[in-house]
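Visitor: Predicted model follows, preceded by the sequence.
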Amino acid sequence: MKHRAFARGAGLLAASPWLGFPALAATQSTLPVVRPAASQRRFRSSAVEAAISEFKQQVKDPELGWLFENCFANPLDTTVTASQRHGRPDTYVRVGDLDAMGLRDSAAQVWPYLQFVTQDAALRQLVAGVIYRQARCILLDPYANSFYNDPAQVGEWQADHTAMRTGVHERKWEIDSLCYPIRLAYHYWKITGDEQPFDAQWRQAIGLVGQTLREQQRKTSLGPYHFQRATLTAANTQPLAGYGYPTKPCGLIASAFRPSDDATLLPFLVPSNFFAVASLRQAALMLNDIYHDGAAYQELMALADEIAVALRQHAIVTHPTHGPVYAYEVDGYGGHTLLDEAAVPSLLALPYLGAVPRNEPTYQNTRRLALSADNPFFYQGQAAAGIGSPRAGPDMIWPLGLAMRGLTSTDDAEIRACVQTLRATHAGTGYMHESFYKDDPTRYTRAWFAAANALLGEFLWKVYQKRPALLG
């Protein structure tokens, strides 16, 4: 697609003492203004601006302050459209360079702002508007991954062999597209206590989420979803009439696509099933506490428990070097893939998503595999070392993976190395990209990738709060 084309900018690299990662050589005394002018920003949050000011004042590295400001504010500056619909907040969030609202990306792009919503009423309304909008999207099509702002719009993928509808941008079934809205809603509710977004529409959407996940357990049939695209790229379509390769019913949920938007090889995508367990339990608690619906609570908790048992039975594989690890995909027949990708949910990100404890032995083994040459999508070069994805091609490292490595680490040296690598690989742009070449960060894909900017901002703010000395 056009928005994935390579770009090239300016930048110089120097060696870093931390884990072989690079540090940016200072070549100029001033940093360019790359953030949009105040008059051109789509939304202003006083609480977010205060956090940016605090970070820049307290962190002595001016480049980190500049990078944090640009990235942390980027989703608000460039991707959100706040409005009202039937007297309620309604927020459209575009996926950076793509003018469509992904359920995953829209949740991820506003996620770092949840910690500020009690300080800023307008920001709170903005996030509530995302929750309302996501519920409408799910009700339009629970199998779609992205939607247009205009519900009547007919888009570029209408020729896909699947049940496309107007208002749907792309209909790639990805489990996490139904998990991210629950994660956002649950934590908004826990932080604010506000139950207004969780109206009859939201309740109906959660019912449809449960129905869809059960359908894709494929216990008695393949279910209603299939997907094929006329394409030269195998990762953009599914074989066998669009249903993908066979699975043996075992309680796990089939996902046609990964969070990178690439097709799964084996349909039971392990990190997304872990995410589903956590999300179903969160939804169950909300239905119980807000709606006092004990039957729905029991139903969703039972589904979560069934998936959790199936993960223990089918997702753990013994690796000759790393011992018991989580596979990335399985099929229920014993088939599995041993790898990890940068796009979240990933195996690396499981603690970040609340799916497993960070100190769990199998996760730690899996983490070592993911961050080693035993992962076919772990790349090490002159500029950096990190996880990529077939989506961007060989030797392309994703900043998402670098930030997630830092967010899931408890080791000061590793966290500092991730900070320095991200600082060194923005290619002079002041923003994160989808990916960059392992030997030259000025070769990158997607100059405007708001989800990566949001995660970088979240990572740096967390380090500032918990380990500020690592930013010196």
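Guide: Structure's in. What do you need? Numbers count the residues shown, from 1 in each chain.

Visitor: Backbone dihedrals for the residue most central in space within the chain, both of them.
Guide: In the chain, the centroid-proximal residue (C-alpha atoms, centre = their mean) is residue 344; its distance is 4.1 Å. The phi/psi pair for residue 344 (degrees, to the nearest 10) reads phi -100, psi 130.

Visitor: any idea how far it lies from residue 472?
Guide: Relative to residue 472, residue 344 is positioned 28 Å away (C-beta to C-beta, to the nearest Å). Yep, even glycine has a C-beta here, placed from its N, CA and C like the rest.

Visitor: Likewise for residue 266?
Guide: 45 Å.

Visitor: Looking at those two now, which is surrounded by more residues?
Guide: Neighbours were counted for residue 266 and for residue 472 using other C-beta atoms under 10 Å; residue 266 has more, 22 against 9.

Visitor: can you pull the pLDDT of that one?
Guide: For residue 266, the pLDDT comes out at 98.

Visitor: Show the contacting residues for it.
Guide: 245, 247, 329-331, 335-337 (C-beta atoms under 8 Å, 6 or more residues apart in numbering).

Visitor: and which of the residues you listed is nearest residue 131?
Guide: Using C-beta to C-beta, residue 329 is the member of the contacts of residue 266 that lies nearest residue 131, at 30.4 Å.

Visitor: Look up phi and psi at the closest one.
Guide: The phi and psi values for residue 329, taken as degrees, to the nearest 10, are phi -140, psi 150.

Visitor: ok, it - contacts?
Guide: The contact partners of residue 329, taken as C-beta under 8 Å, 6+ apart, are 264-270, 336-337.

Visitor: Ok, residue 70 next?
Guide: 34-35, 430-431, 453.

Visitor: Adding distance to residue 466, write the residues you listed out as a markdown table.
Guide: Output for these, formatted as a markdown table (distance: C-beta to C-beta, whole Å):
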| residue | distance to residue 466 |
| --- | --- |
| 34 | 28 |
| 35 | 26 |
| 430 | 24 |
| 431 | 24 |
| 453 | 21 |
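
Visitor: Filter the residues you listed down to the buried ones.
Guide: 35, 430-431, 453 (16 or more other C-beta atoms under 10 Å).

Visitor: Make JSON lines from those residues and add pLDDT to it.
Guide: Shown next, in JSON lines, are the buried ones among the contacts of residue 70 (pLDDT from 0 to 100):
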{"residue": "35", "pLDDT": "97"}
{"residue": "430", "pLDDT": "98"}
{"residue": "431", "pLDDT": "98"}
{"residue": "453", "pLDDT": "98"}
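
Visitor: Can you tell me how far the residue nearest to the centre of the chain is from residue 302?
Guide: From residue 344 to residue 302 the distance is 27 Å (C-beta to C-beta).

Visitor: Could you do residue 449 as well?
Guide: Counting by C-beta to C-beta, the separation of residue 449 from residue 302 is 38 Å.

Visitor: Which one's more surrounded, these two?
Guide: Neighbour count, other C-beta under 10 Å: between residue 449 and residue 302, residue 449 has more, with 26 against 12.

Visitor: what's near enough to touch the closest residue to residue 61 other than its chain neighbours?
Guide: In space, residue 61 comes closest to residue 471 once its chain neighbours are excluded; the distance is 6.4 Å by C-beta to C-beta, 6 or more residues apart in numbering. Taking C-beta under 8 Å, 6+ apart, we find residue 471 in contact with 59-61, 64, 419, 460, 463-464.

Visitor: same thing with residue 405?
Guide: 348, 371, 386-387, 414, 418.

Visitor: Confirm that it lies within a helix, as I assumed.
Guide: Yes. According to DSSP: H, G, I helix; E, B strand; the rest coil, residue 405 belongs to a helix.

Visitor: what pLDDT does it get?
Guide: pLDDT, residue 405: 98.

Visitor: was I right about residue 313 contacting residue 250?
Guide: Yes. With contacts defined as C-beta atoms under 8 Å, residue 313 counts as touching residue 250 at a distance of 7.0 Å.

Visitor: can you pull out the strands in the stretch 101-250 of the chain?
Guide: Here the stretch 101-250 of the chain has its strands, by DSSP state E, counting those that start in this stretch, at 101-102, 146-147, 168-170.

Visitor: contacts for the first one?
Guide: If you take C-beta under 8 Å, 6+ apart as the criterion, strand 101-102 is touched by 92-95, 133, 137, 145-149, 169, 177.

Visitor: Mind telling me the two of those residues farthest from one another?
Guide: Across those, no pair lies farther apart than 149 and 177, at 17.4 Å, counting by C-beta to C-beta.
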